[in-house]
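Asks: Structure for the following, please:
(chains A and B)
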Amino acid sequence: MEQIITRFPPSPTGYLHVGGARTALFNWLYARHTKGKFVLRIEDTDVARSTQASTDAILEALEWLGIDWDEGPYFQSQRSAIYSEYIEKLLSSGQAYYCTCSRDALDAMRQKALEAGGKPKYDGICRNKGLSKSDDAVVRFKAPAAGSTIIKDVVKGNIVIPNAEMDDFIIQRSDGIPTYNLAVVVDDITMGINTVIRGDDHVNNTPKQILLYQALDAPLPTFGHVPMVLGKDRARLSKRHGAMSVTAYRDMGYLPDAFLNYLVRLGWSYGDQEFFTKDELIAKFTLENIGRSPGIFDTDKLLALNAEHIRKSPPAVIAHHLVPFLKQSGCDAGEDEFTQAVIQTLSVRSKTLVEMADGALFYYDGKITYDNKAAKKFLKPVIVEPLNLLIKALEASDSFDEPSLEDAFKTVMNTTGMKLGKIAQPVRVALTGKTVSPGIFEMLVVLGQAKVIARLKDAVKFIED
RNA sequence: GGUCCCAUCGUCUAGCGGUCAGGACAUCGGCCUCUCACGCCGAAAACACGGGUUCGAUUCCCGUUGGGAUCACCA
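Replies: Numbering: from 1, shown residues only, chains lettered A, B, ... in the order given. This is a model prediction of the structure:
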């Protein structure tokens, strides 16, 4: 079988948003699954709205997601010679023509059609005028007025669109720049793209593109239109539903693999399986399992999945993503063994990296500042004696692993008659400043003998003052 | 409005003619427990409606309703 070549063609008019990321992911996964190629193409024919900053932002987001490309990025703005060549082909074969209708005339035409209850389309008035090139002329494609065009869609099945729906659409603007439909088709032909997975919102111009393929005598790619992502109110996902930008999720402390996992499950399934590593996705992703109905973006589920990925990822991987957050909080952390040990105590109780970083700070702090309420409740004179006993026991101990720590605590429990719970909370506050933290013993081990004893002594002093 | 798409628990979904309609998130109970989590056990929760086809429809067909998309010298 022929090698699968897919593509992702964002237009650089903003950041990479959730919906775009999902179609990029589907194309990327399919290419990786089939050992094919994934091409990145920047569709910047809209000069007025395209910016370099947007391009950079999109590339940055893709890199964070781990979606890499085999070819590109190509820029449509640099390919005008190719488009001209193809437009010329269409012109000389009589499948396209120049049109000099003014925008005002066109607007009036639409207005009139609308009032008459019809569809606002171009009436083809210049079609047989045999106009030649001029400054204000656009190039239109001669679309068939009758019959219908059929899309063989791998996710939706056959879609039949009456050709009457299409008018002689513009393929080259008066400034010489090709329009979207023409540029896409020429690019896909010349780049060898044979699989086009894109959003549902494109089904309506797919027949136009099919007509162009046929006029250009080029083989049709496989089309697949995936349903849109909706917001909570069932309307198409937009800014008012919250974060749209992929990198915003990075900044909120999501793991890229968790985000990918969520995105792919929104509209694709593999039996009952919910959790996927990236490699599993590559191994299991196929077009047949893409759903046909639109899905609502659910941040609760994304959060739950993120928590699961945090729990199941190797500490070294988490460390890589966590360290920037730690540094942002002003702590000098590296992706070292200490940080990884810290992560192991925190991963089961962190839903995001932001949360994890927050819970990790006390490990790195020099001096602990006590939460007021916590100190008031647990750092009281009655606990001074047990704390001193504990300090003694810990100083006497020459190993500092969990069993020996448990022994130390038992000694204190036996001599004071206190239960573990009564001792653990004050110790927790002494070590972390808070009433919530990882388990006492695992935390002590990571913190180490010196820090633990110092902090306990600080606490005793704090109470006595 | 024309055209196109879609329709299973609140949400994501499994199901591909015969199932007690399954799983996950969220919700609500309980267990575990040094805090918080994790984990475990349990509860509640769905086939939009109406016609067909069939011995039998969640499943196939048609219609209704509802939702979405799109109708530019934007992509």
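Asks: Look at residue A:396 and say how many residues are nearby.
Replies: For residue A:396, the tally of surrounding residues (other Cβ atoms under 10 Å) stands at 9. Where C-beta positions appear, they are placed from N, C-alpha and C, glycine not excepted.
Asks: Show me what counts as buried in the least confident helix or strand in chain A by mean pLDDT.
Replies: Lowest by mean pLDDT, DSSP states H and E among the helices and strands of chain A is helix A:103-115, with a mean of 84. For helix A:103-115, a neighbour-count test (16 or more other Cβ atoms under 10 Å) marks A:106, A:109 as buried.
Asks: C-terminal to that helix, what's the next element?
Replies: strand A:138-141 (DSSP states H and E).
Asks: Counting by contacts, list what that following strand packs against.
Replies: Where contact means 3 or more Cβ pairs under 8 Å, 6 or more residues apart in numbering; DSSP states H and E, strand A:138-141 is packed against helix A:80-92, strand A:96-99, strand A:170-172, helix A:206-215.
Asks: May I see the ones you listed organised as CSV, with distance to residue A:373, mean neighbour count and mean pLDDT added?
Replies: Shown next, in CSV, are the helices and strands packed on strand A:138-141 (distance: least, Cβ to Cβ, whole Å; neighbours: other Cβ atoms under 10 Å; pLDDT from 0 to 100):
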stretch, distance to residue A:373, mean neighbour count, mean pLDDT
helix A:80-92, 67, 16, 96
strand A:96-99, 75, 22, 96
strand A:170-172, 68, 24, 96
helix A:206-215, 61, 20, 97
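Asks: In JSON lines: those, plus distance to RNA strand B.
Replies: Formatted as JSON lines, these follow (distance: least, Cβ to the nearest atom of the strand, whole Å):
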{"stretch": "helix A:80-92", "distance to RNA strand B": "11"}
{"stretch": "strand A:96-99", "distance to RNA strand B": "8"}
{"stretch": "strand A:170-172", "distance to RNA strand B": "4"}
{"stretch": "helix A:206-215", "distance to RNA strand B": "8"}
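Asks: thinking again about what came up before, now do the least confident helix or strand of chain A: distance to the chain's middle.
Replies: Going by Cα atoms, centre = their mean, to the nearest Å, the spacing between the C-alpha centre of helix A:103-115 and its chain's C-alpha centre is 41 Å.
Asks: ok, now stretch A:358-369?
Replies: 31 Å.
Asks: Same question for stretch A:401-409.
Replies: 44 Å.
Asks: What of stretch A:373-387?
Replies: 47 Å.
Asks: before we move on, what about stretch A:10-25?
Replies: 9 Å.
Asks: Name the residues of that stretch that are buried.
Replies: Neighbour counts over stretch A:10-25 (16+ other Cβ under 10 Å) mark A:10-12, A:14-25 as buried.
Asks: Need the helices and strands packed on strand A:138-141 in CSV (columns: distance to residue A:341).
Replies: Compiled in CSV, the helices and strands packed on strand A:138-141 are given as follows (distance: least, Cβ to Cβ, whole Å):
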stretch, distance to residue A:341
helix A:80-92, 56
strand A:96-99, 67
strand A:170-172, 62
helix A:206-215, 54
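Asks: And the residue nearest the centre of chain A, what's its pLDDT?
Replies: Nearest to the mean C-alpha position of chain A, by Cα atoms, centre = their mean, lies residue A:246 at 4.4 Å. Residue A:246 is assigned 95 on the pLDDT scale.
Asks: just checking, it touches residue A:17?
Replies: Yes: in this structure, residue A:246 is within contact of residue A:17 by Cβ atoms under 8 Å, at 6.9 Å.
Asks: pLDDT of stretch A:158-167, averaged?
Replies: So the average pLDDT for stretch A:158-167 ends up being 93.
Asks: mind saving the C-alpha coords of it as CSV?
Replies: This file holds the C-alpha atoms of stretch A:158-167, laid out as CSV (Å, rounded to 0.1, in the frame of the first residue of the first chain):
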residue,chain,number,x,y,z
ASN,A,158,-20.9,9.3,1.7
ILE,A,159,-21.9,12.9,1.6
VAL,A,160,-23.7,14.1,-1.5
ILE,A,161,-23.8,17.8,-2.2
PRO,A,162,-25.8,19.3,-5.1
ASN,A,163,-23.6,21.3,-7.4
ALA,A,164,-26.2,24.0,-7.5
GLU,A,165,-25.0,24.9,-4.0
MET,A,166,-21.7,26.1,-5.5
ASP,A,167,-21.2,29.1,-7.6
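Asks: Any buried residues in that stretch, and which?
Replies: So, applying 16+ other Cβ under 10 Å, buried residues of stretch A:158-167: A:159, A:161, A:163, A:166-167.
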